[in-house]
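> Fold the following, please.
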Amino acid sequence: MTFDANDAGLGKPEIRREILSWDQFGEAARGLAAEVLESGFKPDVVIAIARGGLLLAGAISYALGTKQCGSINVEFYTDIEQVLPEPIVHPPMLDAPALAGLTVLLVDDVSDSGRTLAKVLELLTEVGAEVRTATLYTKSRTILVPDYSYRDTDDWIVFPWSALPPVTVSAAAGSEGTA
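Okay, the predicted model is just below:
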């Protein structure tokens, strides 16, 4: 569902936002897993692009029954509409050579510019993995349209895991005894 930023109370009224709920996330993850299987692709391993793809990759791997999972840390976006000149791979490093000859489902939250997906796809295919890609969202400006995607949008996406600011020491202390 798409909301205007003013309606969502999230500031910056010139930026349209799409809000993804936890329930929608669960439905999307299972739907993507079904789409992967229906296409005939059965991944040996699911690789998440961290951090955005971590939860989706875990949910998809459970839905597929694929126990082998991994992640690769890539930074590109630093804030809304703010990017680094190039995606940067950070440690700890993925053991990409161990994926040679395997089928890999590469998962991220969104293919916005597509540059992060393209960089990791290149790394994995260079070592001889057969790779397909899956994202929750695909933007029209992307250079890499994923093989599987839940939805197309050009709005800024508010994911349930990043909708709130990071927890601070004072906030954590105030939650003692609550469960």
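> Run through this protein and note the low-pLDDT ranges.
Applying pLDDT under 70 to the chain flags residues 1-13, 77-82, 84, 171-179.
> where exactly do the helices run in it?
5-8, 22-38, 54-64, 115-126, 169-174 (DSSP state H).
> got TSV for the ones you listed, with mean neighbour count too?
For the C-beta atoms, the positions are set from N, CA and C on the backbone; glycine is no exception. Compiled in TSV, the helices of the chain are given as follows (neighbours: other CB atoms under 10 Å):
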stretch	mean neighbour count
helix 5-8	14
helix 22-38	16
helix 54-64	21
helix 115-126	19
helix 169-174	9
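> closest one to residue 148 among these?
helix 22-38 (4.9 Å; CB to CB).
> helices or strands up against the closest one?
Packed against helix 22-38, as judged by 3 or more CB pairs under 8 Å, 6 or more residues apart in numbering; DSSP states H and E, are the following elements: helix 54-64, strand 130-138, strand 148-152.
> Dump the ones you listed into JSON lines; add distance to residue 94 as well.
Shown next, in JSON lines, are those (distance: least, CB to CB, whole Å):
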{"stretch": "helix 54-64", "distance to residue 94": "12"}
{"stretch": "strand 130-138", "distance to residue 94": "12"}
{"stretch": "strand 148-152", "distance to residue 94": "21"}
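> Looking at the ones you listed, spot the one closest to residue 169.
Taking these one by one with CB to CB, helix 54-64 is closest: 24.1 Å.
> I'd guessed residue 58 sits against residue 70; true?
No: with contacts counted by CB atoms under 8 Å, residue 58 stays clear of residue 70, the gap being 11.1 Å.
> what residues are shared contacts of the two?
Both residue 58 and residue 70 are contacted by residue 48, under the criterion CB atoms under 8 Å, 6 or more residues apart in numbering.
> quick revisit: out of the helices and strands packed on helix 22-38, which comes closest to residue 167?
helix 54-64 (16.9 Å).
> And the contacts of that closest one?
Under CB under 8 Å, 6+ apart, the answer for helix 54-64 is 25-26, 28-30, 32-34, 36-37, 42-43, 46-48, 66-69, 71, 105, 107-109, 134-136, 161.
> ditto for stretch 24-34
So stretch 24-34 is in contact with 20, 55-56, 59-60, 63-64, 134, 136, 148-151, 159-160, going by CB under 8 Å, 6+ apart.
> gap between it and the chain center?
Taking CA atoms, centre = their mean, to the nearest Å, one finds stretch 24-34 lying 13 Å from the centre of the chain it belongs to.
> How about stretch 160-171?
19 Å.
> Name the single longest strand found in the protein.
strand 69-79 (DSSP state E).
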